[in-house]
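> Structure of the sequence below:
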Amino acid sequence: MEKKETRGYVQVYTGDGKGKTTAAIGLAIRALGAGRRVLFLQFMKRPDYSEHRILSTLPGLKVVALGKPYFVARADQISPEAAAAMGKGLVVFEPGKPPEDYVRLLRDGLELARAAVAGGEYDLVVLDELNVALTLGLVELDDVLKLLDARAANVEVVITGRGAPAALIQRADLVTEMREVKHYYRQGVPARRGIEN
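Reported below is the predicted structural model:
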């Protein structure tokens, strides 16, 4: 008789390369195939990404998207040229002064995540793009580490997004860094529906 592994681990998918969310979606599908319950909580994303159409139809998977109809960037992390290219779909803020509506939204998302990882209702909790929220200062690192400390022993947690802080990398059991070797984006190809979004 096969022994069922019941301990959950903390995984981090980070780096500047493409594929972090895609890898987390693949793991979620694998978990569903094994009869596990999955919460896929997307920070910084609206529910209009292509994956929402299919993920929301899968039994055993709950998808929650926490994003605004605009992107945000810290003034010290984006060039004026890049900000201008994004136009009205971008809100640039000074370090330490993020948009309050975004902070409240993500704080509520973190509360949902805390309840999910502590409660044991889900076997896998994916916190997609949480690293980006940390990098932007929209979420506090101490709150994320406390969330992980409160995790039920059987819950697997996956945190994605570029720029994972060193303390989170240290705390994780598995860290995968996606490294860009070559990307057609550098030749001016915009994000394509069904491939990048």
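> Tell me how far the spatially most central residue of the chain lies from residue 21.
Relative to the mean C-alpha position of the chain, the nearest C-alpha, by Cα atoms, centre = their mean, is the one of residue 128, at 1.5 Å. The gap separating residue 128 from residue 21 is 5 Å, by Cβ to Cβ, to the nearest Å. Placement of C-beta: from N, CA and C, glycine included.
> where do the contact lists of the two overlap?
Residues within reach of residue 128 and of residue 21 at once, by Cβ atoms under 8 Å, 6 or more residues apart in numbering, are residue 160.
> returning to what we had before: so who does the residue nearest to the centre of the chain touch?
Contacts here follow Cβ under 8 Å, 6+ apart; on that basis residue 128 touches 21, 24, 40-43, 45, 160-161.
> now, which of those residues lie within helices?
Per DSSP state H, helices hold the following members of the contacts of residue 128: 21, 24.
> Taking the contacts of residue 128, tell me the two that lie furthest apart.
By the measure Cβ to Cβ, 40 and 161 form the most distant pair in those, at 13.7 Å.
> Looking at the two, which is more packed in?
Set residue 40 next to residue 161 and count neighbours by other Cβ atoms under 10 Å: residue 40 wins out with 26 against 23.
> Let me know whether the more buried one touches residue 62 as I believe.
Yes. Between residue 40 and residue 62 there is a contact at 7.0 Å, judged by Cβ atoms under 8 Å.
> Fine by me, thanks again.
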